[in-house]
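Participant: pasting the structure only:
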């Protein structure tokens with residue numbers, strides 16, 4: 001595979017329409033699906049060519065063995081294939097919802113969710129570990145981000161394999177670098193305001209300045225072949241890291257929102273649970289003896305990704321403890337309510353049988369009623385008096 005042939009096969013992901021939560025315009029959806037299908041096919045062919053080029057790298061004259069050997073690029077190729085598979089699966093889902101254009105508002109909103117929501121596929125952590133992408137156990141990226149990440153990896157692979165060497169490709173490679181700078185600028189706009197965004201903008205400005213100097217030199221007829229590769233690698237790495245860091249930041253944000261919601265729910269449960277405990281202690285004795293967890297003692301919700309999992313685990317422990325307490329105190333009150341119901345049912349039966357006013361029956365009923373109405377109710381006594389009343393009724397039955 002020559003450099004010209006592979007350059008011609010290079011695919012660039014199409015811009016995605018709309019945004020999350022907004023129904024996609026039908027015409028924009030059709031254009032995107034068409035372009036995405038073309039991108040998918042081209043990228044698959046390109047990855048197959050890159051794989052073949054990587055296998056042949058050690059025998060190709062002039063190949064930089066340190067960066068183009070199969071072992072040096074296998075991880076990135078495998079990750080690229082995993083990304084392509086995730087995008088391809090999502091593309092098929094989009095086509096199914098699109099249904100040849102037979103879509104209403106609900107379907108168009110579903111299309112938007114599929115485009116901008118996280119990919120369902122989770123990348124194998126061993127692939128990330130073997131690639132040059134610094135990663136976590138999974139990359140929760142949207143479809144457009146996955147496509148751009150695939151573009152960046154493919155561009156990096158082409159450069160590392162030394163496949164773009166002809167002078168005719170210089171103009172095209174400069175054009176692709178300009179487009180990449182725009183994508184990087186858009187990605188930087190998504191960074192949170194502050195030091196991180198400022199540093200990213202400064203890095204982008206340095207890369208753009210190098211690109212301009214290179215383009216000016218090429219316009220004057222200078223040789224920029226040796227300058228293109230370092231800039232392409234730097235730009236691809238920078239764009240890739242921006243995408244990955246953005247995905248991680250969203251994951252951390254989701255964890256923060258989850259922790260805050262769980263904590264708010266636990267605070268409500270704590271208030272309700274204290275009321276349940278007070279009611280139970282006032283109603284029955286002996287009552288269960290559990291300490292209600294103090295949610296405030298957990299401290300504020302952390303906003304760093306490394307501390308969030310441990311905090312969520314502590315919230316889960318508190319939730320389980322509250323469930324135990326709710327069950328214990330709730331059962332104690334339920335047992336008391338069940339005795340009251342049984343006594344009322346037996347009394348109704350005694351009235352129906354005409355034995356309710358008989359001395360022994362009435363006395364047994366009074367003892368049981370006073371025991372259940374006492375606060376707190378001595379449950380051990382009540383549990384004996386209610387069956388005693390039942391026995392008196394049975395003895396009086398004809």
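Facilitator: That came through, no problem. Everything numeric in this text was worked out from a predicted model, so none of it was measured. Residues are numbered from 1 along each chain as shown.
Participant: alpha carbons only for contacts and neighbour counts from here, please
Facilitator: Will do.
Participant: top helix in this structure by residue count?
Facilitator: In the chain, taking DSSP state H as the definition, the longest helix is helix 225-283.
Participant: and it, how far out from the chain middle?
Facilitator: The chain centre lies 9 Å from the centre of helix 225-283; the measure is CA atoms, centre = their mean, to the nearest Å.
Participant: do stretch 36-50 as well
Facilitator: Centroid separation for stretch 36-50 versus its chain: 28 Å, with CA atoms, centre = their mean.
Participant: and stretch 85-92, by the same measure?
Facilitator: Distance, centroid of stretch 85-92 to centroid of chain: 18 Å (CA atoms, centre = their mean).
Participant: residues contacting the residue positioned nearest the centre of the chain?
Facilitator: With distances taken as CA atoms, centre = their mean, the residue of the chain nearest its centroid is residue 251 (5.7 Å). Going by CA atoms under 8 Å, 6 or more residues apart in numbering, residue 251 touches residue 140.
Participant: span of stretch 368-387 from start to end?
Facilitator: 9 Å (CA to CA, to the nearest Å).
Participant: hang on, I meant stretch 98-108
Facilitator: Stretch 98-108 end-to-end distance (CA to CA) = 8 Å.
Participant: cool, and stretch 94-111?
Facilitator: One end of stretch 94-111 to the other measures 6 Å (CA to CA).
Participant: which residues sit against it?
Facilitator: With CA under 8 Å, 6+ apart, stretch 94-111 has contacts from 21-26, 30, 33, 114-115.
Participant: then stretch 387-398?
Facilitator: Taking CA under 8 Å, 6+ apart as the rule, stretch 387-398 contacts 343, 346, 350, 353, 355, 360-361, 364-365, 368.
Participant: just put the contacts of stretch 94-111 in JSON lines and tack on secondary structure and neighbour count.
Facilitator: Formatted as JSON lines, the contacts of stretch 94-111 follow (DSSP: H, G, I helix; E, B strand; the rest coil; neighbours: other CA atoms under 10 Å):
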{"residue": "21", "secondary structure": "coil", "neighbour count": "14"}
{"residue": "22", "secondary structure": "coil", "neighbour count": "15"}
{"residue": "23", "secondary structure": "coil", "neighbour count": "20"}
{"residue": "24", "secondary structure": "coil", "neighbour count": "23"}
{"residue": "25", "secondary structure": "coil", "neighbour count": "15"}
{"residue": "26", "secondary structure": "helix", "neighbour count": "17"}
{"residue": "30", "secondary structure": "helix", "neighbour count": "16"}
{"residue": "33", "secondary structure": "helix", "neighbour count": "19"}
{"residue": "114", "secondary structure": "helix", "neighbour count": "20"}
{"residue": "115", "secondary structure": "helix", "neighbour count": "26"}
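Participant: with pLDDT and distance to residue 217 added, can I get those residues in JSON lines?
Facilitator: JSON lines is the format used below for those (pLDDT from 0 to 100; distance: CA to CA, whole Å):
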{"residue": "21", "pLDDT": "77", "distance to residue 217": "46"}
{"residue": "22", "pLDDT": "84", "distance to residue 217": "45"}
{"residue": "23", "pLDDT": "87", "distance to residue 217": "46"}
{"residue": "24", "pLDDT": "89", "distance to residue 217": "43"}
{"residue": "25", "pLDDT": "91", "distance to residue 217": "43"}
{"residue": "26", "pLDDT": "90", "distance to residue 217": "44"}
{"residue": "30", "pLDDT": "92", "distance to residue 217": "41"}
{"residue": "33", "pLDDT": "93", "distance to residue 217": "39"}
{"residue": "114", "pLDDT": "90", "distance to residue 217": "44"}
{"residue": "115", "pLDDT": "90", "distance to residue 217": "40"}
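Participant: specify which member of those is nearest to residue 334.
Facilitator: Among the contacts of stretch 94-111, residue 21 lies closest to residue 334 (CA to CA), at 45.7 Å.
Participant: residue contacts, that closest one?
Facilitator: 109, 112-113.
Participant: quick one: the host helix or strand of residue 395 to helix 225-283, angle?
Facilitator: Element membership of residue 395 [criterion: DSSP states H and E] is helix 379-396. On the basis of axes from the mean of the first three to the mean of the last three CA atoms, to 10 degrees, helix 379-396 is oriented at 60 degrees to helix 225-283.
Participant: quick one: mean pLDDT for helix 379-396?
Facilitator: For helix 379-396, the mean pLDDT works out to 92.
Participant: please apply the same query to stretch 324-331.
Facilitator: 96.
Participant: correct me if wrong: residue 114 contacts residue 90.
Facilitator: Yes. The criterion here is CA atoms under 8 Å, and residue 114 meets it with residue 90 at 7.1 Å.
Participant: identify the contacts common to these two.
Facilitator: Contacts common to residue 114 and residue 90, judged by CA under 8 Å, 6+ apart, are residue 143.
Participant: so how far is stretch 343-355 from its chain's centroid?
Facilitator: Centroid displacement of stretch 343-355 relative to its chain, using CA atoms, centre = their mean, is 60 Å.
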